[in-house]
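Chemist: Next come a sequence and a model predicted from it.
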Amino acid sequence: MNKRYIRRTGATLGLCVIAITCGTANAAPTKGTVSVLNWWTSGSEAKSMNILQQMLADQGYKMINDAVSGGGGGNARTVLKSRIQSHNIPGAAQIKGPEIQQWCSTGLTMNIDSVAAKNNWDKVLPKAVSKYMKCDGHYVAVPFNIHRTNWLWINKSVLDKAGAAMPTDWDSLVAALKKIKQAGITPIAGGGNTWQVATELDAIALAAGGPDFYRKAFVDLDPGALSGADMVTSLKHLRTIQQYSDPNAQGLSWNHDTGEVVQGRAGMQIMGDWAKGEITNANATPGKEIACIAFPGAHTGYSYQSDSFEMFAQSNSDQNAQYAFARTALSPKFQRKFNKAKGSIPVRQDVSLKGFDACAHKAKKEFTAAEKNNALVPTFSQDMAEKGAVKGAIFDVIAKFYNDQNMSAEDAAQEMAHQVQQAEAMS
Ligand code: GAL
């Protein structure tokens, strides 16, 4: 054997020893892997997901963060379908609202009752959330948070610069937008894609028509409500918001828009409190420099959604990682850390908000009040109110209306009722 070879082998062996020693210290063999399909790719969203990945790693589990970009999850949903078709099924996938039941009917989902029972989920979760997590009475999904959709984020120094007052209703909002425009600042950051515009209409409709109208239109899909006076008003308000929005917004993301408001290049954004995650991530304080108010109008209400992950059955070893995923996501420690970073409030009702910002406290207070006053509505733009095909029909009409200045609010409302009926008939 040649000397050089021996020397090299020896050197390699030496390295191996070091590697094995280091390996035991840094990366213990994994107890199982869970791949998690999601659409959390903005700065604050990725940070929030890293918290879970780290907490699972600390317990010896590997979490593969399969993040697909695209706010609102349109792209992630397409990827989920193709992964299911090609039998590359994720251990957990971000799915919300009634779609959880739809996926259940594939027979591919996983029962996580044992984790739920051991950790008292029925007790610590609000009914408004837990009812979505079950299929035929069994838990198949794990909720992470409660987000509110109908927020308006306002840069206070922009308001001051423009000499505008904090809006309290629709008219004072329009007056403020007008002043901000006169001051040469973009009044509203938004309008980049249909999901963002639908999110705006979501908040506008709840404020204009109130929770009863909202439920009739978006949950019961009542044709009279979908085409009626409150919907027409809502669409007219959307048109006004459009006129105060950046005309070059096409293609810009929701988190880009939040950045514009934080930097003072735009005055306001109509967006759920995932925007708060971005505000905090940019080192601004929600409730201080950036005010948070429920989107103002004739009515008050709370449109909510819960980000949740449906579990899909995997091989035995990875099942342990899935159970750990579900257990950890609802642990009080994760609930506090994650929701602080994400902008949402804990879905566990027994977790303290100590150390959370003023907007989170407001969210929690108003959620509890809305629950009592029947003013809580599942948000349609974030998949909580109806299944895919119907939501698609509503989104199509919103896009058509937004892109065609000649389409009247009356025509759009009629069209919405018609398209929803068609979609319902086909699904
Ligand atoms: C929503 C999701 C939020 C947020 C947002 C933007 O659908 O529930 O958590 O991530 O999309 O991506």
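Modeler: That came through fine. Residues are numbered from 1 along each chain as shown.

Chemist: Up against the ligand, what does the stretch 251-400 of the chain have?
Modeler: Within the stretch 251-400 of the chain, the residues that sit near the ligand (CB under 6 Å from any ligand atom) are 254, 274, 305, 307, 382. In short, each C-beta sits where N, CA and C put it, glycine included.

Chemist: What about the residues you listed, which are in strands?
Modeler: Q305 (DSSP state E).

Chemist: Looking at the residues of the stretch 251-400 of the chain next to the ligand, which are in helices?
Modeler: Counting by DSSP state H, these place 254, 274 in helices.

Chemist: Going along the chain, name the strands of the stretch 251-400 of the chain.
Modeler: Using DSSP state E, counting those that start in this stretch, the strands assigned to the stretch 251-400 of the chain run over residues 266-270, 290-294, 302-305, 308-311, 345-346, 376-378.

Chemist: mind putting those strands in a markdown table, mean neighbour count and mean pLDDT included?
Modeler: Formatted as a markdown table, the strands of the stretch 251-400 of the chain follow (neighbours: other CB atoms under 10 Å; pLDDT from 0 to 100):
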| stretch | mean neighbour count | mean pLDDT |
| --- | --- | --- |
| strand 266-270 | 28 | 98 |
| strand 290-294 | 21 | 98 |
| strand 302-305 | 27 | 98 |
| strand 308-311 | 26 | 98 |
| strand 345-346 | 25 | 98 |
| strand 376-378 | 24 | 98 |
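
Chemist: and stretch 70-77, does that touch the ligand?
Modeler: Yes - judged by CB under 6 Å from any ligand atom, stretch 70-77 and the ligand are in contact via 71-73.

Chemist: any idea of the mean pLDDT for that stretch?
Modeler: Across stretch 70-77, the average pLDDT comes to 94.

Chemist: residues of it that come out buried?
Modeler: Using 16 or more other CB atoms under 10 Å as the test for burial, stretch 70-77 gives 70-73, 76-77.

Chemist: and W153, helix, strand or coil?
Modeler: Judged by DSSP: H, G, I helix; E, B strand; the rest coil, the three-state class of W153 is strand.

Chemist: Which secondary structure element of the chain has the lowest mean pLDDT?
Modeler: One helix or strand of the chain scores below all others by mean pLDDT, DSSP states H and E: helix 3-26, with a mean of 34.

Chemist: Following element in sequence after that one, please.
Modeler: Downstream of helix 3-26, the next assigned helix or strand under DSSP states H and E is strand 33-38.

Chemist: for that next one, packing partners?
Modeler: Judged by 3 or more CB pairs under 8 Å, 6 or more residues apart in numbering; DSSP states H and E, strand 33-38 is in contact with helix 43-58, strand 62-67, helix 74-85, strand 92-94, helix 316-329.

Chemist: Dump it to PDB, keeping only the CA atoms.
Modeler: Extracted in PDB, the C-alpha atoms of strand 33-38 (Å, rounded to 0.1, in the frame of the first residue of the first chain):
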ATOM      1  CA  THR A  33     -39.500  14.400  10.300                       C
ATOM      2  CA  VAL A  34     -42.500  16.500   9.500                       C
ATOM      3  CA  SER A  35     -42.700  18.500   6.300                       C
ATOM      4  CA  VAL A  36     -44.900  21.500   6.600                       C
ATOM      5  CA  LEU A  37     -46.400  23.100   3.500                       C
ATOM      6  CA  ASN A  38     -47.300  26.800   4.100                       C
END
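
Chemist: where does this structure dip in pLDDT?
Modeler: Low-confidence segments of the chain (pLDDT under 70): 1-29.

Chemist: domain parsing for it?
Modeler: Residue ranges for each domain of the chain read 31-146+306-361, 148-304+372-426, as given by automatic domain parsing.

Chemist: Please work out which of the ones you listed is packed deepest.
Modeler: domain 148-304+372-426 (a mean of 20; mean count of other CB atoms under 10 Å).

Chemist: And Q422, how far from V219?
Modeler: 18 Å (CB to CB, to the nearest Å).

Chemist: ok, the residue of the stretch 201-350 of the chain found nearest the ligand - contacts?
Modeler: Residue nearest to the ligand within the stretch 201-350 of the chain (CB to the nearest ligand atom): W274, separated by 3.7 Å. Counting by CB atoms under 8 Å, 6 or more residues apart in numbering, W274 touches 42, 44-45, 147, 254, 342-344.

Chemist: Around the ligand, pick out the residues from the stretch 101-250 of the chain.
Modeler: Going by CB under 6 Å from any ligand atom, the residues of the stretch 101-250 of the chain near the ligand are H147.

Chemist: Run through the strands of the stretch 101-250 of the chain in chain order.
Modeler: So, for the stretch 101-250 of the chain - with DSSP E, counting those that start in this stretch - the strands run 134-135, 138-139, 141-143, 145-148, 151-155, 186-188.

Chemist: got the CA positions of stretch 86-102 in PDB?
Modeler: The C-alpha coordinates for stretch 86-102 follow below in PDB (Å, rounded to 0.1, in the frame of the first residue of the first chain):
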ATOM      1  CA  SER A  86     -47.900  12.700  -7.000                       C
ATOM      2  CA  HIS A  87     -48.100  11.000  -3.600                       C
ATOM      3  CA  ASN A  88     -45.500  13.400  -2.100                       C
ATOM      4  CA  ILE A  89     -47.900  14.200   0.700                       C
ATOM      5  CA  PRO A  90     -46.800  16.700   3.400                       C
ATOM      6  CA  GLY A  91     -47.100  15.800   7.000                       C
ATOM      7  CA  ALA A  92     -49.000  19.100   7.700                       C
ATOM      8  CA  ALA A  93     -50.400  21.600   5.300                       C
ATOM      9  CA  GLN A  94     -51.700  25.100   5.900                       C
ATOM     10  CA  ILE A  95     -55.500  24.900   5.300                       C
ATOM     11  CA  LYS A  96     -58.200  26.900   6.800                       C
ATOM     12  CA  GLY A  97     -62.000  26.900   7.500                       C
ATOM     13  CA  PRO A  98     -64.400  24.700   5.600                       C
ATOM     14  CA  GLU A  99     -61.600  23.400   3.300                       C
ATOM     15  CA  ILE A 100     -60.400  21.300   6.200                       C
ATOM     16  CA  GLN A 101     -63.600  19.200   5.900                       C
ATOM     17  CA  GLN A 102     -63.100  19.000   2.200                       C
END
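
Chemist: Right, I'll call it a day here.
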